[in-house]
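K.L.:
Okay, structure incoming, though there's no sequence with it:
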């Protein structure tokens, strides 16, 4: 089993009772977390085999990753993170010169905000996950902004510091 997302304080159901001989983890922290709930699982640290490290930094793109809409987790947004995130996309498109914006919807197709209103903005490009790999999206970006996406880990792997919009909603 290859790690496919963040193993948080309360791991996703798919991380319990893994029916595999080996678990390929992104790093030591995740290895320890997965062994807590699957103590007999053989675990190997491999990083993410889908990513390569990007060092090119002459990109003038700011990428916004949209997390999956989740009726259970979204109730935990006690602040205005989702609205602030949407407003930040609009503000950046109007006020930051010499940068384009990339919006990457969640691969499930059910993102926390609707992208319809951004499609006609000439400063915004939508990176459909079915057409662009995560590595392709990150390799053309200089900045990464999200609310609570495990893709922040991939951003760090690509030498892009992730920025969170007020993700104080969860204790992970």
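P.N.:
In hand now; what should we look at? Bear in mind the structure is a predicted one, so any value in this text is a computation, not a measurement.
K.L.:
wait, what's in contact with residue 98?
P.N.:
residue 60 (CB atoms under 8 Å, 6 or more residues apart in numbering). C-beta: built from backbone N, CA, C; applies to glycine.
K.L.:
for the top helix by length along the chain, what is the average pLDDT?
P.N.:
Counting by DSSP state H, the longest helix found in the chain is helix 81-95. Helix 81-95 carries an average pLDDT of 88.
K.L.:
what's the spacing between it and its chain's center?
P.N.:
Remark: helix 81-95 is offset 17 Å from the chain centroid, using CA atoms, centre = their mean, to the nearest Å.
K.L.:
Provide the contact partners of whichever helix or strand comes after that helix at residue level.
P.N.:
Sequence order places strand 100-104 as the next helix or strand after helix 81-95, per DSSP states H and E. For strand 100-104, the surrounding residues in contact (CB under 8 Å, 6+ apart) are 60-66, 89, 92-93, 115, 118, 121, 123-127, 129, 132, 134, 137, 140-141, 151.
K.L.:
Would you mind checking those for buried ones?
P.N.:
Listed as buried from the contacts of strand 100-104 are 61-66, 89, 92-93, 115, 118, 121, 124-125, 127, 132, 134, 137, 140-141, 151; burial here means 16 or more other CB atoms under 10 Å.
K.L.:
where exactly do the strands run in this protein?
P.N.:
22-25, 42-45, 61-65, 100-104, 124-126, 143-146, 162-164 (DSSP state E).
K.L.:
who does the fifth one pair up with?
P.N.:
Each strand that strand 124-126 pairs with, and the sense of that pairing, follows from DSSP bridges: strand 100-104 (parallel).
K.L.:
just the angle between the strand it pairs with and strand 61-65, please?
P.N.:
20 degrees (axes from the mean of the first three to the mean of the last three CA atoms, to 10 degrees).
K.L.:
Look up how far residue 31 lies from the closest residue to residue 89 other than its chain neighbours.
P.N.:
Leaving out its chain neighbours, the residue that sits closest to residue 89 by CB to CB, 6 or more residues apart in numbering is residue 64, at 5.6 Å. From residue 64 across to residue 31, the span is 30 Å (CB to CB, to the nearest Å).
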